[in-house]
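# Give me coordinates for this.
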Amino acid sequence: MILSINTNYTKTTPFEERIRLIKNAGFKSVIMFWNGSDVFQDELLCVKENGLRIESVHAPFHMMNNLWTDTDPMQSLIKLHGAIDSCHNFAIKTLVVHCTDTTTPPPVSECGKTYFKGLIRYAKSMNVDLAFENIECPEYLDTIFGECDDTNVKLCYDLGHENCFSKGSDVLGKYGDRLKTLHIHDNDGNSDQHAIPFDGNIDMDRFISKLKELEYYGVLSLEVMRDRSDLYDDLTDEQFLAKAFEAGKKLFEMRQG
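Numbers count the residues shown, from 1 in each chain. Alright, predicted model coming up:
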C-alpha cells in the first residue's frame, strides 16, 4: 500500500520537519510544490534523503489567468517552463497544472489556447505529463481536453473541488480515461476546506466505486490542510498526519474490497 500526501499540509512547521513527520506517519510518497528551481532542488533532496517517492509536482497557479488575457504572460510562462524543466531534470513524470485561478477567470481566448498548446508541446519534448486539475471553473478542462489530444495531456482529479465548486460536473465521467493522479480531500460542500477524508460530506463510497469502474489502482494521494479550518486546532502535526494516514488506509481498503 502506497499512500501519498502533500508536503504543504501546514505552513507553520519547517519543511525538513514536515518530511520527517510524513515518513514517520507511514506515508511513502508526497505531492511537492514548485517554488523556484533552487528551492525545489533543496526540498527534493530532503524528500529523497527520507526515502519518499514523488507522486507529482504542483506548478504555480496564482498567475494562470494571465495566459487567457495576454496581459504580461511571460512571467507565467517562465515559471511554468521552470517547473517543467525541474520535473525533466529529476525524472519526475507528472506536473499538476491549473487552467485558471479564482472563481472569475477571463473568458476562453485564442491566445490562451495557443499558450497552453505551447506548454503541452514543450512538456512532451521534456517527457513530462501535464495533469490538468479541476478547480473553480472545470469547464476550462473542456477547452484544454477538446483542443489537445496529446498523449501527455492528463487529468488530476480533485475530489474536494468538485464537491464545493462544481457539484454534478462529473469530471471523472467525462475525462476518467485521462486520469493520472488524484487530490483527495473532504469539505462541507460550501468551502474548500481540504479536510481529511470522512470529515466532510463527500460520498466516499461513490468516489471509490468510480475509481473501481475506471480501473484506477494508482496511488491514493491526499491533499489535506491542517490550517484551512478549525477542525484540527486541537491536533499536533503528528496527530493530524496519523488521522490522515488512517483515512487513506480506509480508502485503500475500500478500493481493494
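# As a check, name the ranges of all helices in the stretch 151-257 of the chain.
159-165, 171-175, 204-213, 237-256 (DSSP state H, counting those that start in this stretch).
# Please identify which of those is closest to Asn50.
Smallest distance to Asn50 across these (Cβ to Cβ): 13.7 Å, for helix 237-256. For every residue, glycine as well, the C-beta is placed using N, CA and C.
# The closest one - what's its average pLDDT?
Helix 237-256 carries an average pLDDT of 98.
# Now Glu147: phi and psi?
With angles defined as degrees, to the nearest 10, Glu147 sits at phi -90, psi -20.
# Surely it is in contact with Lys113?
Yes: Glu147 is in contact with Lys113 according to Cβ atoms under 8 Å; the separation is 5.5 Å.
# Gly176 versus Asp142, what's the distance?
Separation of Asp142 from Gly176 (Cβ to Cβ, to the nearest Å) stands at 14 Å.
# and the two? which has more neighbours close in?
Gly176 (17 against 14; other Cβ atoms under 10 Å).
# Which pLDDT value belongs to the more buried one?
For Gly176, pLDDT reads 97.
# and stretch 239-253, C-alpha only, in PDB?
C-alpha atoms of stretch 239-253 as PDB (Å, rounded to 0.1, in the frame of the first residue of the first chain):
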ATOM      1  CA  GLN A 239      -1.900  13.500  15.300                       C
ATOM      2  CA  PHE A 240      -3.100  15.200  12.200                       C
ATOM      3  CA  LEU A 241      -0.900  13.000  10.000                       C
ATOM      4  CA  ALA A 242      -1.900   9.900  11.900                       C
ATOM      5  CA  LYS A 243      -5.500  10.700  11.300                       C
ATOM      6  CA  ALA A 244      -4.900  11.400   7.600                       C
ATOM      7  CA  PHE A 245      -3.000   8.100   7.200                       C
ATOM      8  CA  GLU A 246      -5.800   6.100   8.800                       C
ATOM      9  CA  ALA A 247      -8.300   7.800   6.400                       C
ATOM     10  CA  GLY A 248      -6.100   7.000   3.400                       C
ATOM     11  CA  LYS A 249      -5.700   3.400   4.600                       C
ATOM     12  CA  LYS A 250      -9.500   3.100   4.900                       C
ATOM     13  CA  LEU A 251      -9.900   4.400   1.300                       C
ATOM     14  CA  PHE A 252      -7.300   1.900   0.100                       C
ATOM     15  CA  GLU A 253      -9.100  -1.000   1.900                       C
END
